[in-house]
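Engineer: A predicted structure for the sequence below; I have some questions about it.
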Amino acid sequence: MARSRFDAFISHSGKDAAQAETIEAALGAKRVWLDRSEIRLGALLGRELLSNLRASRALVLVWSKRAAQSPWVQSEWIAAANLAKPIVPIRLDKTALPQALSNALWGAGGKSFKETAAQLARTIRSGLAPGPSISPSMRLPNPKLEQEVARLALAQSAMLDAFDGGSPAKARRLQRLLETQTTALIRKHPRDPRAATLWAYNEKNSVVLEHDADIMAGIKVDDGRLEEARWRFLHGLWLDPLDPEALNGLGTIAWFGHDLDTAEFFVRAALRRLPDYENAKHDLALILDLKRRSRRPSKRRA
């Protein structure tokens with residue numbers, strides 16, 4: 001097997017740059033990839049970032065309250081999990097790790113963060129077990145929950161059928177009811193990925209109801225609900241970062257906002273997990289078509 005270009009990809013909030021640079025120094029600057037952007041705007045997973053993540057043996061996750069609030073950090077570790085990269089969290093404060101990383105090897109920065117970083121470097125250089133460092137999702141048998149999830153999923157499909165069938169007012173009434181019901185479900189089962197994904201799709205559907213014509217025309221959506229939907233999908237992926245439906249949902253939210261490399265990555269990740277996922281196939285085709293159109297040179301008037 002060819003040697004990876006980097007020992008580690010360091011994922012961190014820009015506000016935790018000092019600690020990230022300490023880890024970089026311990027590992028050796030030429031053997032790590034570290035984004036020094038103080039303010040991140042736009043794409044969650046640009047081409048350069050994805051290329052360097054693929055070229056790294058492991059992802060070092062610099063975890064803190066600020067990292068937990070960063071959609072870029074969330075996208076990076078979830079992408080690493082879907083690339084089967086070992087994930088090594090290092091905690092800067094008492095902020096809980098995502099449920100899927102609760103059993104991962106991790107260190108806590110204390111009085112001697114340099115010493116912690118040095119120990120981390122020795123761990124990575126000595127070799128990490130291949131594959132993602134994630135815990136299995138907690139999907140214990142629960143007939144009542146499974147029945148409710150199935151019922152709400154059918155109701156979401158019926159709502160979209162009403163919208164596609166020319167009854168937007170009916171669709172919006174059903175959507176409001178579903179928001180109440182899916183919110184109640186996630187409050188009752190906050191650690192269940194199925195409940196989280198349903199709740200996230202409900203917010204995504206609210207964007208579709210308002211912007212379907214623009215989405216299909218390839219026009220970028222500017223709506224605050226996109227950010228809420230993104231965080232709902234991220235919540236679900238904290239619980240199960242390999243869930244195809246949540247991965248596809250996160251990808252479509254990126255598509256609506258024209259973050260197309262991110263969109264393609266997550267939808268393809270969904271299809272790797274579930275190759276016969278028809279909605280993801282459809283979404284990927286539309287994303288690739290939009291990418292082709294965006295690369296075409298514009299025609300100038302003579």
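Structural biologist: All right, it came through fine.
Engineer: how about the helices of the stretch 101-250 of the chain, start to end?
Structural biologist: Using DSSP state H, counting those that start in this stretch, the helices of the stretch 101-250 of the chain run over residues 113-126, 143-164, 168-188, 193-216, 225-239, 244-256.
Engineer: Switch the ones you listed over to TSV; also include mean pLDDT and distance to S75.
Structural biologist: For the C-beta atoms, the positions are set from N, CA and C on the backbone; glycine is no exception. Output for those, formatted as TSV (pLDDT from 0 to 100; distance: least, CB to CB, whole Å):
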stretch	mean pLDDT	distance to S75
helix 113-126	85	22
helix 143-164	96	25
helix 168-188	96	21
helix 193-216	95	15
helix 225-239	95	8
helix 244-256	97	8
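Engineer: which one of those helices has the most crowded surroundings?
Structural biologist: Each of the helices of the stretch 101-250 of the chain was scored by mean neighbour count; the highest is helix 244-256, a mean of 27, by mean count of other CB atoms under 10 Å.
Engineer: which one is W231 nearest to, not counting chain neighbours?
Structural biologist: P71 (7.3 Å; CB to CB, 6 or more residues apart in numbering).
Engineer: what's the neighbour count on the one you found?
Structural biologist: 14 (other CB atoms under 10 Å).
Engineer: Check whether it really touches L44, as I assumed.
Structural biologist: Yes. P71 is in contact with L44 according to CB atoms under 8 Å; the separation is 6.0 Å.
Engineer: who's in contact with the one helix or strand A285 maps to?
Structural biologist: According to DSSP states H and E, A285 maps onto helix 278-295. Residues outside helix 278-295 that contact it (CB atoms under 8 Å, 6 or more residues apart in numbering) are 218, 244, 248, 251-252, 255, 258, 260, 263-264, 267-268, 270-271, 274.
Engineer: Then stretch 260-277?
Structural biologist: 43-47, 50, 75, 79, 82, 242-245, 247-248, 250-252, 254-255, 280-281, 283-284, 287-288, 290-291, 294.
Engineer: How about the secondary structure of H258?
Structural biologist: coil (DSSP: H, G, I helix; E, B strand; the rest coil).
Engineer: quick one: pLDDT of it?
Structural biologist: H258 carries a pLDDT value of 95.
Engineer: Distance of the residue nearest to it when sequence neighbours are not counted relative to R230?
Structural biologist: Setting aside the residues directly before and after it, H258 is nearest to K220 in space (CB to CB, 6+ apart), at 4.3 Å. Distance, K220 to R230, using CB to CB, to the nearest Å: 15 Å.
Engineer: Quick check: R31 vs S157, distance?
Structural biologist: Taking CB to CB, one finds R31 at 49 Å from S157.
Engineer: contacting residues for H211?
Structural biologist: 221, 223, 256.
Engineer: so the helix holding A285 versus helix 193-216, what angle?
Structural biologist: 40 degrees (axes from the mean of the first three to the mean of the last three CA atoms, to 10 degrees).
Engineer: if we can go back for a sec, from what I see, the residue nearest to H258 and A254 are in contact.
Structural biologist: No. Counting by CB under 8 Å, A254 is not a contact partner of K220; they are 11.3 Å apart.
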